[in-house]
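Colleague: give me the fold of what follows.
(chains A, B, C, D, E and F)
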There are 6 protein chains.
Amino acid sequence: MKRVDVLMEALPYIQQFHGKTIVIKLGGHAMIDPAVLDTVIQDVVLLHYVGLRVVLVHGGGPEITEKMKALGKEPKFVGGLRITDNDTLEVAQMVLVGKIRGNIVSLITKFGAKGVGLAGQDGNLMFAKKTCAKKVFVGDKEEEVDLGHVGDVEEVNPELLIGLLDKGYIPVISPIAIDRKGHSLNVNADTAAGDIAIALGAYKFVNLSDIDGIMNAQRTRTYHRLTTDEAKKLIDDGVIVGGMIPKLEACLKCLDNGVEHAHIVNGNKDHTILLELFTRDGIGTMIKKSADSGL
Amino acid sequence: MKRVDVLMEALPYIQQFHGKTIVIKLGGHAMIDPAVLDTVIQDVVLLHYVGLRVVLVHGGGPEITEKMKALGKEPKFVGGLRITDNDTLEVAQMVLVGKIRGNIVSLITKFGAKGVGLAGQDGNLMFAKKTCAKKVFVGDKEEEVDLGHVGDVEEVNPELLIGLLDKGYIPVISPIAIDRKGHSLNVNADTAAGDIAIALGAYKFVNLSDIDGIMNAQRTRTYHRLTTDEAKKLIDDGVIVGGMIPKLEACLKCLDNGVEHAHIVNGNKDHTILLELFTRDGIGTMIKKSADSGL
Amino acid sequence: MKRVDVLMEALPYIQQFHGKTIVIKLGGHAMIDPAVLDTVIQDVVLLHYVGLRVVLVHGGGPEITEKMKALGKEPKFVGGLRITDNDTLEVAQMVLVGKIRGNIVSLITKFGAKGVGLAGQDGNLMFAKKTCAKKVFVGDKEEEVDLGHVGDVEEVNPELLIGLLDKGYIPVISPIAIDRKGHSLNVNADTAAGDIAIALGAYKFVNLSDIDGIMNAQRTRTYHRLTTDEAKKLIDDGVIVGGMIPKLEACLKCLDNGVEHAHIVNGNKDHTILLELFTRDGIGTMIKKSADSGL
Amino acid sequence: MKRVDVLMEALPYIQQFHGKTIVIKLGGHAMIDPAVLDTVIQDVVLLHYVGLRVVLVHGGGPEITEKMKALGKEPKFVGGLRITDNDTLEVAQMVLVGKIRGNIVSLITKFGAKGVGLAGQDGNLMFAKKTCAKKVFVGDKEEEVDLGHVGDVEEVNPELLIGLLDKGYIPVISPIAIDRKGHSLNVNADTAAGDIAIALGAYKFVNLSDIDGIMNAQRTRTYHRLTTDEAKKLIDDGVIVGGMIPKLEACLKCLDNGVEHAHIVNGNKDHTILLELFTRDGIGTMIKKSADSGL
Amino acid sequence: MKRVDVLMEALPYIQQFHGKTIVIKLGGHAMIDPAVLDTVIQDVVLLHYVGLRVVLVHGGGPEITEKMKALGKEPKFVGGLRITDNDTLEVAQMVLVGKIRGNIVSLITKFGAKGVGLAGQDGNLMFAKKTCAKKVFVGDKEEEVDLGHVGDVEEVNPELLIGLLDKGYIPVISPIAIDRKGHSLNVNADTAAGDIAIALGAYKFVNLSDIDGIMNAQRTRTYHRLTTDEAKKLIDDGVIVGGMIPKLEACLKCLDNGVEHAHIVNGNKDHTILLELFTRDGIGTMIKKSADSGL
Amino acid sequence: MKRVDVLMEALPYIQQFHGKTIVIKLGGHAMIDPAVLDTVIQDVVLLHYVGLRVVLVHGGGPEITEKMKALGKEPKFVGGLRITDNDTLEVAQMVLVGKIRGNIVSLITKFGAKGVGLAGQDGNLMFAKKTCAKKVFVGDKEEEVDLGHVGDVEEVNPELLIGLLDKGYIPVISPIAIDRKGHSLNVNADTAAGDIAIALGAYKFVNLSDIDGIMNAQRTRTYHRLTTDEAKKLIDDGVIVGGMIPKLEACLKCLDNGVEHAHIVNGNKDHTILLELFTRDGIGTMIKKSADSGL
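Modeller: Numbering: from 1, shown residues only, chains lettered A, B, ... in the order given. Next up is the predicted model:
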């Protein structure tokens, strides 16, 4: 009987999410530990079968670095910034598209749904423009450093995604975009996932990360539910610092552009997506638009 | 985490049932005890939201008798057979359509889905012909007894049901059919539900009854899984007797006409539908076509 | 040849009405005299076959009272107002939904079209909220009287109706709505029919009543064609009085909300709907938006 | 009230014909007398508005001859057979397509529906092959006579017609077909209309002719209702003779190829189409498939 | 290999025009010389097969005059203006619809596509109102002259065209419109073609004329590319004079109403349409909206 | 004018191929030389724009070997057979999916159409089973050698391809399939392309190879047009030998399973696809079903 109670507790969430679109950024250990990835994909397939329209965006930085080394290529840095030269771009594409994404799609098949792997050039999904050169100090001289084949997403064309979702497929997207001439550019997976969520008018954006949620500087407190106003104040007041800030800002950008909820959950633990979505208190951080923000 | 395990255990069933049609006959205490009916309708709404196409057919004998008495009408019997005269038919329609069914549809709304109540005349859903007169002994003389406004279903037109299911409604059907001249006829809810399941090419037929499943004559054993051949042999061998037989035969008729699984579960207990459908062993009786039966 | 002339005279009306939606409130003798109801439903089926989209809303007050008495229940009144207690609501639903509506739908089948019976809970068709308590004098003291399970329609969801009309069904609606918790509430059939006409953006609203049309106080004159301005002036000037006023106001509300024509015709006579719609002068009252009213 | 009775008498026919396809060959006086043509087109528009899918095929022999003379061209005959040379073909096309058909379509507009004129080359509607040379006696010598640009229909492509009917247009077809090289060929309007009815799987084929129906040789009896077997026997027995035979055989061909009813009515009188279709006895001849013919 | 280069050069144009609508007015020698018409229709069929939605509008003045004479009718003029009396209208319709247009549609079939001939009455395609009487000097007295059955297009209903284009047909339209009573009126083919292009929101309007393009008064210069501003200035400055002006103004009207490009090319030479559309410099005149004109 | 002649010569082919499906296997130099690949993709985009439904399947053996070496991995062979161990499979996927295919899709974008990259796991496109172990002599002992992660295609699910083609995308498929457990298997690109052509009921299968066509053993003769019977006889007679045979047999399998034409053309030269498809004699080998083969 206990299992029935669980299903009954899940029912209101299932109703609420029915037919809604959710974009999930897969990062952290989920990308490294096969056992964790298995549970993540099981969660994803369940979300699909209970009626959500699920889109995955994956990262994969650590595996790229590892493969670079295997190929005897040295990662290049200038003034602390990583340079994506031709070799790095090639390896990044081979690892992201040819290895990690294929694996995710195969797991979706294994657990009984149908995935389709995509990158920016597929159906003109994502256009980017080359990221501007950054000024950094090399030694004691300030120099402009060209980051190489790295881009900022400037257009997402969701038609292909919508067509695939309508027919019951789960799109799995690699963070590679193209420029107007068809050249590939590496893009940040977090911001790409956010841009895709905005383009789809998604209901939820979930960042599966390697932290348990948004925490204060002392890591003594995890914020489970925040409004956009509260989140902005926590940043302004210096309560939230460091690497938390870009993650939070990606969420805030989504919420400022029509996405209803953004979640940050820990991808290193089992089934965190379901626990976050199907229980009242969740286990990570959920941020939603402040009521007074005029939307 | 336990709840996640439950959801994960349910996943294979959800996948298997996805987009399939299930016809559920609501009988027994579910029709009398409001608390039980609540849990039944919750189950139904959950089945709907995890992707099944659900059709309900309800009974309601006890309430008809009760209302007859309240109206000061005496149920009529000849030679042990109940006669459905004009008054009885009117009361049956008022109770089934005007009271019980409206209540079921309202509960579906309450739990977050959309129901639509129907009877045989709606969209020419069910045509019946008057049941033949029966020969019975009245005293010591055999007489032909006209049962009155009682019919046997001879045609189910599923177009209206299919249209409603396609748009996400849960049809709720009362066991009233019409003859070719538009006169109403009472029909047996069990056999009507079976005929509807056949007309829809349903995947599952569930008879929510007042027994725990098919049992032997001594009630010492409940059969949880049966093939059609096994079930027929149990009847032939006299292992299954009495009121179990018509229930079982209604299931066998479904299975002989394309329905894949028939279930008999106890409607007097909570959430028996979910427990039967979403667990390996079930808690009632599931009958399926024998492998060697050539289908 | 005479019959051909008639068809030819009907042609311009058939063209004008083609594909338009008409909501007909069935009241008066049409609900009591089976012979009259037969001709009304024949008219309805003809309208359907010449290309109109027909929706029926029926009343049935007299039969409810009659059935109450048969059940030995005393209609309750406080200070002149009828109180709809639990028993009254149950009887009203049984009579309206289980008896009158089923009969109408069966007649539609008999005359060759397909009807579908609906009430407020079906497909969340009509939500109402409980009517406020009224202040009345009980004896010489003014008291607030709770009218019981009576409601005012606050939302009509026409999706189900539109889906059924698109597939060629004639919806037949009982004046029962639900509140947000799924409880049934009796609603006034005239105003419910008007609200449905507005929600559907109907072309015509026809109130089949027990009067020949709108008449002056002395009943010496019947107004066959009125504009909304003329009608309002007749009320203001005291020319139209008494029970005519609410009927007229229900029509005016429709016309103020997008319905193009409202008709009041006598349901006690044969084929009044056809005579009103398919002849130049009509036989009841047709009201249309004043040209100068800015719409 | 009389008009209502007429509409009520028409109702069963309207129901029976609803959504069915009817092909009407317009010939006889209807093509000459503008007043008669007016009533024919009114009938056609009424049929359209009560739910039939109407296709017209028109003839026009007399006007072609008249225009030939006006152009100072002599109709040519060899051994009693008319020869369609280049000039004759050009005049036939100009008269049929440019004059008669445009007039019919304009009348359809005038009476409130939408027509579309077509000939064989439009949408590859009708392919024909040149009619074989005929052997005739010219003086006392038998010669093979080439009839010129005259053809026998060998393929009807109904896609364009179906597309137009689905969108509510009334196609009006001239009896001009093309050969495989795109050259125009005159075809017999009666047989072309029949071939079109067969290609559309029409419910009814109506030949609007200049006789009151099928009559015996003495013209003492008109047959109002015939089966195909009866009709064939009347021909075999020599009861029906002369020009009646090809008209009847065109009908029989339709009935042998899936059309359900064929009618021959007099196009010289007013509203004969409606009188034939909407009354029990009709006024012309209706032929239907014999019950024992195995279809 | 040369042919491949040509196809490759055409590719960017094919991409640019893909799915776009083009309205081509066929005039000049194309209407007289069968060899030229053959190449025009080949061009049209090629445009169709590489993905354009092509609509043809044809003229035919010279053939009407010729046929008038053959019929022994004298063209009538009053004060230099041609009068379209009943006879003239009849001949115009017979020639345009029954002869020229049928020929064009047959050629489309011959070259492998499907055409459908239409005039104003077909599907209520084009409504016109009678052109106002003109004041002219007859002798030395100014008189108002009624031009007869001549009209100015006032409404184009593109639904029928769009439906046919969606299904892959090439509509071929004769310059005959109807008034509100269904009477035919001759309309100018150039302006009718422009009105149709506007109603369809066409991408291109091509006027296949008997001049090589827009030239200056001395015919020493052909303008291959003009903006609307430049064209207007050329008219204002008196550089373009005479018969060029109405042709140019028909183009300018299109461009002022949403058509993107207007072309004037010579219909007396082979394949001018392809040469104009599929090469960078074209061979006639292309006019487009001035960039600074605010659209 | 020459270019117009070329377009006119291409027209009959464009008509013939309109809306037909073509599967092109990209191999040979097209996969190595960027300039050649550019012209191939231009051809593909042209085919798309003139109305064909194009599917690409690419190979890439040489690049895999090259990348293996760069990673310091030694290709393994046993008894002359290549072994695809875990490392080899990983590299194959990275190179095929992550490098070559992304490049092809980007080129499609660059030349103005929209591609979508797919492999076997995407939408369950291609299932394979592990290729059986082969018996080979290792030294002088016969041994069973397991080829590793290599498979034979056993099921192609074309739904995803059809959905993408219907929406105007060009699918680009890598020769990676999955087994029923979701593990990747390398498959032969030639046979995979043929299986996909069969599953789609393609009109044409084109193998873009590194030979000019099918040649005799002495390479003194190239066969430009062959029937299946002729091809089989040439094999039986030993006229065609060596590596030609598997290429030819892949074509014959297609033709025996519903594909109408199979082509073998040289991918090392420019625009060979267009030259083969759009000229009468072609430049490679076209094989079609023998007329007498009973299909």
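Colleague: okay, now the residue in the stretch 151-295 of chain A positioned nearest to chain D: neighbour count?
Modeller: Nearest residue of the stretch 151-295 of chain A to chain D: A:Asp166, at 25.2 Å (C-beta to the nearest C-beta). Using the backbone N, CA and C atoms, a C-beta is placed for each residue, glycine as well. When neighbours are defined as other C-beta atoms under 10 Å in any protein chain shown, A:Asp166 has 10 of them.
Colleague: then the one 10 residues further on?
Modeller: Using other C-beta under 10 Å, A:Ile176 has 30 other residues around it.
Colleague: pretty sure it sits against A:Gly98.
Modeller: No - assessed by C-beta atoms under 8 Å, A:Ile176 is found out of contact with A:Gly98, at 11.1 Å.
Colleague: now the helices: where do they sit in the stretch 151-295 of chain A?
Modeller: Using DSSP state H, counting those that start in this stretch, the helices of the stretch 151-295 of chain A run over residues A:159-166, A:189-200, A:228-236, A:244-256, A:272-277.
Colleague: whatever residue of chain A ends up closest to chain E: how many residues sit nearby?
Modeller: Proximity of chain A to chain E (C-beta to the nearest C-beta) peaks at A:Asn124, 13.7 Å away. Each residue near A:Asn124 was counted by other C-beta under 10 Å, and the total is 22.
Colleague: and if you look at A:Ala189?
Modeller: Residues near A:Ala189, counting by other C-beta under 10 Å: 23.
Colleague: same question, the one 5 residues further on
Modeller: Other residues near A:Gly194 come to 28 when the count uses other C-beta under 10 Å.
Colleague: give me the mean pLDDT for stretch A:58-66.
Modeller: The average pLDDT for stretch A:58-66 rounds to 87.
Colleague: nope, stretch A:154-167 is what I meant
Modeller: Mean predicted confidence for stretch A:154-167 is 97.
Colleague: show the pLDDT at whatever residue of chain A ends up closest to chain F.
Modeller: Using C-beta to the nearest C-beta, the closest approach of chain A to chain F is made by A:Gly98 at 2.7 Å. Among the per-residue scores, A:Gly98 holds a pLDDT of 94.
Colleague: also A:Val138?
Modeller: So, for A:Val138, pLDDT stands at 79.
Colleague: thought A:Val78 was touching A:Val138?
Modeller: Yes - between A:Val78 and A:Val138 there is a contact under C-beta under 8 Å: 6.2 Å.
Colleague: which neighbours do the two have in common?
Modeller: A:Val145 (C-beta atoms under 8 Å, 6 or more residues apart in numbering or on different chains).
Colleague: so who does A:Val57 touch?
Modeller: Applying C-beta under 8 Å, 6+ apart, the residues contacting A:Val57 are A:23-26, A:172-173, A:175, A:189, A:192-193, A:196.
Colleague: now pLDDT too, for those, in CSV please.
Modeller: Below are these laid out as CSV (pLDDT from 0 to 100):
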residue, pLDDT
A:Val23, 98
A:Ile24, 98
A:Lys25, 96
A:Leu26, 95
A:Val172, 98
A:Ile173, 98
A:Pro175, 96
A:Ala189, 93
A:Ala192, 95
A:Ala193, 96
A:Ile196, 98
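Colleague: buried subset of those residues?
Modeller: Among the contacts of A:Val57, the ones that count as buried by 16 or more other C-beta atoms under 10 Å in any protein chain shown are A:23-26, A:172-173, A:175, A:189, A:192-193, A:196.
Colleague: out of the residues you listed, who's nearest E:Phe205?
Modeller: The closest of the buried ones among the contacts of A:Val57 to E:Phe205 turns out to be A:Ile196 (C-beta to C-beta; 40.6 Å).
Colleague: if I pick that closest one, what's in contact with it?
Modeller: By C-beta under 8 Å, 6+ apart, the neighbours of A:Ile196 are A:23, A:55, A:57, A:126, A:156, A:158, A:161, A:173, A:202.
Colleague: pick out the most distant pair among the residues you listed.
Modeller: The widest separation within the contacts of A:Ile196 (C-beta to C-beta) is 15.4 Å, between A:Met126 and A:Ala202.
Colleague: neighbour count winner among the two?
Modeller: Using other C-beta under 10 Å, the more surrounded residue of A:Met126 and A:Ala202 is A:Met126, with 29 against 26.
Colleague: contact residues of chain A facing chain F?
Modeller: Residues of chain A lying close to chain F by C-beta under 8 Å from any C-beta of the partner chain are A:70-72, A:90, A:93-99, A:102, A:105-107, A:109-110, A:114-119, A:121-124, A:159-160, A:163, A:167, A:169, A:176, A:178, A:181-184.
Colleague: could you turn the buried ones of the residues you listed into a PyMOL selection?
Modeller: Selection of buried members from the residues of chain A next to chain F for PyMOL, criterion 16+ other C-beta under 10 Å:
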select buried, chain A and resi 90+93+94+95+96+97+98+99+102+105+106+107+109+110+114+115+116+117+118+119+121+122+123+124+160+163+169+176+178+182+183+184
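Colleague: kindly identify which of the residues of chain A next to chain F also come near chain B.
Modeller: Counting by C-beta under 8 Å from any C-beta, no member of the residues of chain A next to chain F is near chain B.
Colleague: which residue comes closest to the residue of the stretch 151-295 of chain A found nearest chain B once chain neighbours are left out?
Modeller: Of all residues in the stretch 151-295 of chain A, A:His271 sits closest to chain B, at 4.2 Å by C-beta to the nearest C-beta. Leaving aside its sequence neighbours, A:His271 sits nearest to B:Val4 (C-beta to C-beta, 6 or more residues apart in numbering or on different chains; 4.2 Å).
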